[in-house]
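Student: sequence and predicted structure are below.
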Amino acid sequence: MKISKKYSSVLFAFLMSLLMALLMSGVLTAVFAGFSHAFFAHWLNGFIHAWPIAFPAVLIIAPIVRRMVAALTD
């Protein structure tokens with residue numbers, strides 16, 4: 001089952017924000033809390049707080065960045 005192409009920008013934002021929030025929350029958890037027995041619980045908590053911000057941010061910022069890239073390239 002595939003998703004219709006008309007939803008590609010929303011799917012892009014969904015997946016990009018999911019992966020970036022997961023990656024960044026993991027990195028920041030490791031930097032600030034270190035690797036302890038509670039690492040994954042802290043990571044999940046950070047991700048749960050980051051992703052609801054990341055998803056609408058990507059929806060808003062991605063079109064702006066695409067225009068900037070188009071203006072800066074041939």
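Tutor: Done, it's in. Residues are numbered from 1 along each chain as shown.
Student: please, where are all the strands along this structure?
Tutor: In the chain, no strands are defined using DSSP state E.
Student: and the residue nearest the centre of it, how far from A50?
Tutor: The residue lying closest to the centre of the chain (Cα atoms, centre = their mean) is S17, at 2.1 Å. Here S17 is placed at a distance of 9 Å from A50 (Cβ to Cβ, to the nearest Å). (Each C-beta comes from the backbone N, C-alpha and C, glycine too.)
Student: could you do S9 as well?
Tutor: Taken as Cβ to Cβ, the span from S9 to A50 is 21 Å.
Student: so which of the two has more stuff around it?
Tutor: Set S9 next to A50 and count neighbours by other Cβ atoms under 10 Å: A50 wins out with 17 against 14.
Student: touching, that one and L23? I think so.
Tutor: No: counting by Cβ atoms under 8 Å, A50 stays clear of L23, with 10.0 Å between them.
Student: can you check the pLDDT for the residue nearest to the centre of the chain?
Tutor: pLDDT recorded at S17 is 95.
Student: that one touches I60, doesn't it?
Tutor: No: taking Cβ under 8 Å as the definition, S17 is not a contact partner of I60, at 11.0 Å.
Student: average pLDDT across the lengthiest helix in the chain?
Tutor: In the chain, assigned by DSSP state H, the helix with the most residues is helix 39-72. Helix 39-72 shows a mean pLDDT of 95.
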